[in-house]
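S.K.: Following is a predicted model, sequence given first.
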Amino acid sequence: MAVNLKEKNAEELLTIDGVQVFVGQAGVKKPDHDDLTLIVLNRSNTVGAVFTQNRFCAAPVYIAKEHLANENGIRALVINTGNANAGTGAQGREDALAVCRAAAEQVGCEPEQVLPFSTGVILEPLPAQKITAALPDVKPVHWDRAARAIMTTDTVPKAASREGKVGNSHTVRATGIAKGSGMICPNMATMLGFI
């Protein structure tokens, strides 16, 4: 249970230049539920990441690490809930790559410019066909909807925004969403956070 955490509404979460957020329904675990998030970045963005230190990582973790080294940069993040694509072997890797290819086609970039993230049930095959079929139907949303769409066992969406000045004239903004409750050991474990 979230302690003293109030759900943020759209007005409390700042938009970020060069970042578009989309949500859709793939029906991975249950129908009529937002379970697919696509975050599209413009070409001038720079992406960094911290990954779990767990020895047994899911296929999307390995692929995201590989893609992060792409010299052309990252253009999209695709996040599904309902299935973690963990403990799924070679098929899990191929399923995650299929999702990257579909997202890349939609965004207009290379598959290596997409970072995949999956969260939910482990040891079950990722229904990649459901995800790839739902990607063309994702709709632009505000960060509050994305915070809800990435939830798994969370009781409340986690999101925050801040704005401040650097020097006397440059305003900077940060908005972030996260999923996970008690899932941060060892070193991020199964928690996902996007800032």
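M.R.: Perfect, I can see it now. Numbers count the residues shown, from 1 in each chain.

S.K.: Mind jotting down where the strands sit in the chain?
M.R.: Secondary structure of the chain (DSSP state E): strands at 19-24, 36-41, 76-83, 114-121, 139-140, 158-166, 170-179, 192-194.

S.K.: ok, now which ones touch the spatially most central residue of the chain?
M.R.: What sits nearest the mean C-alpha location of the chain, by C-alpha atoms, centre = their mean, is residue 79, with 3.8 Å. Residue 79 is in contact with 36-39, 117-119, 149-150, 192, 194, counting by C-beta atoms under 8 Å, 6 or more residues apart in numbering. Placement of C-beta: from N, CA and C, glycine included.

S.K.: Same check on residue 78?
M.R.: Counting by C-beta under 8 Å, 6+ apart, residue 78 has contacts 36-39, 99-100, 103, 114-117, 131, 135.

S.K.: Please apply the same query to residue 117.
M.R.: Here residue 117 is in contact with 60, 64, 77-80, 192 (C-beta under 8 Å, 6+ apart).

S.K.: CA atoms only: put the longest helix along the chain into PDB for me.
M.R.: Using DSSP state H, we find that the single longest helix of the chain is helix 89-107. The C-alpha coordinates for helix 89-107 follow below in PDB (Å, rounded to 0.1, in the frame of the first residue of the first chain):
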ATOM      1  CA  GLY A  89      14.600 -18.000 -23.200                       C
ATOM      2  CA  ALA A  90      15.300 -17.500 -26.900                       C
ATOM      3  CA  GLN A  91      11.600 -17.100 -27.800                       C
ATOM      4  CA  GLY A  92      11.300 -14.200 -25.200                       C
ATOM      5  CA  ARG A  93      14.200 -12.500 -26.900                       C
ATOM      6  CA  GLU A  94      12.600 -12.800 -30.400                       C
ATOM      7  CA  ASP A  95       9.300 -11.600 -29.000                       C
ATOM      8  CA  ALA A  96      10.900  -8.500 -27.500                       C
ATOM      9  CA  LEU A  97      12.700  -7.800 -30.800                       C
ATOM     10  CA  ALA A  98       9.400  -8.200 -32.700                       C
ATOM     11  CA  VAL A  99       7.900  -5.500 -30.400                       C
ATOM     12  CA  CYS A 100      11.000  -3.300 -31.100                       C
ATOM     13  CA  ARG A 101      10.600  -3.800 -34.900                       C
ATOM     14  CA  ALA A 102       6.900  -2.800 -34.700                       C
ATOM     15  CA  ALA A 103       7.500   0.200 -32.600                       C
ATOM     16  CA  ALA A 104      10.300   1.300 -34.900                       C
ATOM     17  CA  GLU A 105       8.100   1.000 -38.000                       C
ATOM     18  CA  GLN A 106       5.500   3.200 -36.300                       C
ATOM     19  CA  VAL A 107       8.000   5.800 -35.100                       C
END
